[in-house]
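**Q** For reference, the sequence and a predicted model appear below.
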Amino acid sequence: MKKIKVSLTTESLLDAARQIDHYCRQLDDKNKEFVRRLGEIGLNVVNTTMQSVPPVDRGEYTAEVVEPVMDGDHVCGIALNLYGDQIMFIEFSSGVTFGQTSFPTLPDGNSYGDGMGTGTFPGQKYAYSPTGWWYKDQWGQRQHTYGLRASMPMYKADVEIVQSIRRIAKEVFG
């Protein structure tokens, strides 16, 4: 903790005020550095995770750290954005049977095949097939899939940022 010694003279009080202003500016600068470094960690995790997704599945995407969120003159946060036409599938997965040959079991022991799950919306009862499904890609070619694994780039970035907060705070604020 920073200590400022003051005597009850005009000159000493003015000097103390200057020291406090200087300390506040340093604290703001350190906070900006802290937030910037956490943003870089998150962005690195998102890009690494996205690169692990096969190119045919990830499509085109953009990941970026948005300008810091401000509260008046002070940085209070940062936003990490991920854009792309496949992002929702990559984050949350697609296909209730990805990597399986049957419906998964619900926590209560029932199966999605017991009248619930993909393809069971009224009028689409038989849309589900345990052998996957076919779709046409952007070139009109017929492709087979069981869905995409949930790669969770944003969730993984969040976890890494949370786990790094203390370490980065100690490095920046000393």
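**A** Everything's here; your move. Numbering: from 1, shown residues only.

**Q** Report the mean confidence score over the one helix or strand residue 56 maps to.
**A** According to DSSP states H and E, residue 56 maps onto helix 55-58. Helix 55-58 shows a mean pLDDT of 82.

**Q** Using PDB, list the CA coordinates for it.
**A** Provided in PDB are the C-alpha atoms of helix 55-58 (Å, rounded to 0.1, in the frame of the first residue of the first chain):
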ATOM      1  CA  PRO A  55     -11.700 -25.900 -41.800                       C
ATOM      2  CA  VAL A  56     -14.800 -27.500 -43.500                       C
ATOM      3  CA  ASP A  57     -16.700 -27.300 -40.200                       C
ATOM      4  CA  ARG A  58     -15.500 -23.900 -38.900                       C
END
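
**Q** Neighbouring strands of the helix or strand just after that helix in the sheet, and parallel or not?
**A** Note on helix 55-58: by DSSP H and E, the next helix or strand toward the C-terminus is strand 61-71. Here strand 61-71 is paired, per DSSP bridges, with strand 74-84 (antiparallel).

**Q** what residues are up against the nearest residue to residue 62 once chain neighbours are set aside?
**A** Counting by Cβ to Cβ, 6 or more residues apart in numbering, the nearest residue to residue 62 once its immediate chain neighbours are dropped is residue 83, at 4.7 Å. C-beta: built from backbone N, CA, C; applies to glycine. Shown in contact with residue 83 (Cβ atoms under 8 Å, 6 or more residues apart in numbering): 61-63.

**Q** Residue 83 and residue 66, how far apart?
**A** 11 Å (Cβ to Cβ, to the nearest Å).

**Q** do the same with residue 52
**A** Using Cβ to Cβ, we find residue 52 at a distance of 24 Å from residue 66.

**Q** One more: residue 39?
**A** With distances taken as Cβ to Cβ, residue 39 is found 8 Å from residue 66.

**Q** more crowded one of these two?
**A** residue 39 (21 against 11; other Cβ atoms under 10 Å).
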